[in-house]
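Engineer: please find the sequence and the predicted model below.
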Amino acid sequence: MASIDDDKKAAAVAAVAEVRMGMLVGLGTGSTAAFAIRALGDRVAQGLAIRAVVTSDASDKLAREVGIEVLDFAAVARVDLTIDGADEIDSRCFAIKGAGGAMLREKIVAASSARMVVIADGSKQVERIGAAKLPVEVLPFAIAYVMRVLTDMDAAPTVRDNYLTDQGNLVIDCHFVSLEDPRATAATLSAIPGILGHGLFLDEVDGAYIATNGVVTRLERAGASA
């Protein structure tokens, strides 16, 4: 039986196969995304000419270590393909992200991308998203106010201990009892002053590669272009 790391690697290798010569690739953050970065580095070493943008300092360091040319995203308006992990993903290609704390940068890079694919081991595939904690990135100036609003929403918020994002912001992990209407929740969170981003990815994900016991399954959003 394949280990979780084996499944993460299998999903990553399958997703990296989508990368073509000359692409500008967005690289996500977290343990699963790291497998994709290493797999892409292997292809670069074999002669694949691509460039990348990254969603965190950790991914930047790893990408450079494996020989990938990294651009400053501040000068980039459009990305061809982004590959990233997820904390949960369902059949609608709705995802929760942010356990690695980079959901704001990840969402910006995803929004710039012609296509985004998620890679995950089978434990991350769920019938409906909502069991995983939902992170939000918060301006430190607004932390007390945002905590009060989230508490009033019954989000059971907790500030992530001893943690700042690469942007110098705080992360609050929300523990909703359920997410019956993810779009309504996303709209509410986005409208709260002081919240800079949240981990609900409802329109960004076009497809997913999910590996269970070494077998990779491809999931596509209806209408997405592969």
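Structural biologist: Yes, it's here. Residues are numbered from 1 along each chain as shown.

Engineer: for Ala187, give me its contacts.
Structural biologist: Listed by CB atoms under 8 Å, 6 or more residues apart in numbering, Ala187 has no contact partners. Every C-beta, even on glycine, is put in place using the N, C-alpha and C of the backbone.

Engineer: distance-wise, check it relative to Met23.
Structural biologist: Separation of Ala187 from Met23 (CB to CB, to the nearest Å) stands at 33 Å.

Engineer: got the CA coordinates for the biggest strand by length in the chain in CSV?
Structural biologist: The longest strand of the chain (DSSP state E) is strand 113-121. Provided in CSV are the C-alpha atoms of strand 113-121 (Å, rounded to 0.1, in the frame of the first residue of the first chain):
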residue,chain,number,x,y,z
SER,A,113,-3.6,31.7,-14.2
ALA,A,114,-5.2,30.4,-17.4
ARG,A,115,-5.5,27.1,-15.6
MET,A,116,-5.0,25.9,-12.0
VAL,A,117,-4.8,22.3,-10.9
VAL,A,118,-4.8,20.9,-7.4
ILE,A,119,-2.7,17.9,-6.3
ALA,A,120,-3.7,15.9,-3.3
ASP,A,121,-3.6,12.5,-1.6
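
Engineer: so which elements touch it?
Structural biologist: Counting contacts by 3 or more CB pairs under 8 Å, 6 or more residues apart in numbering; DSSP states H and E, strand 113-121 is packed against helix 4-16, helix 31-45, strand 79-84, strand 207-212.

Engineer: and the ones you listed, which is most packed in?
Structural biologist: Comparing the helices and strands packed on strand 113-121 by mean neighbour count (mean count of other CB atoms under 10 Å), strand 79-84 ranks first with a mean of 25.

Engineer: distance from it to the middle of the chain?
Structural biologist: What separates the centre of strand 79-84 from the centre of its chain is 10 Å, taken as CA atoms, centre = their mean, to the nearest Å.

Engineer: send the alpha carbons of it over as PDB?
Structural biologist: What follows is strand 79-84, C-alpha atoms only, in PDB (Å, rounded to 0.1, in the frame of the first residue of the first chain):
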ATOM      1  CA  VAL A  79       0.400  32.700 -15.600                       C
ATOM      2  CA  ASP A  80      -0.100  29.700 -17.900                       C
ATOM      3  CA  LEU A  81      -0.600  27.000 -15.300                       C
ATOM      4  CA  THR A  82      -0.600  26.900 -11.500                       C
ATOM      5  CA  ILE A  83       0.000  23.700  -9.500                       C
ATOM      6  CA  ASP A  84      -0.900  23.700  -5.800                       C
END
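
Engineer: numbering from 30 from now on, please.
Structural biologist: Shifting the count to begin at 30 puts that one at strand 108-113.

Engineer: now do the first helix or strand past it going along the chain: which elements does it pack against?
Structural biologist: Using DSSP states H and E, the helix or strand that follows strand 108-113 towards the C-terminus is strand 117-118. For strand 117-118, the packing partners by 3+ CB pairs under 8 Å, 6+ apart come out as strand 124-125.

Engineer: tell me the strands beside the strand it packs on, with direction?
Structural biologist: If you go by DSSP bridges, strand 124-125 pairs up with strand 117-118 (antiparallel), strand 229-230 (antiparallel).

Engineer: contacts for that strand?
Structural biologist: Counting by CB under 8 Å, 6+ apart, 115-118, 147, 158-159, 161, 163, 228-231, 233-234 sit against strand 124-125.
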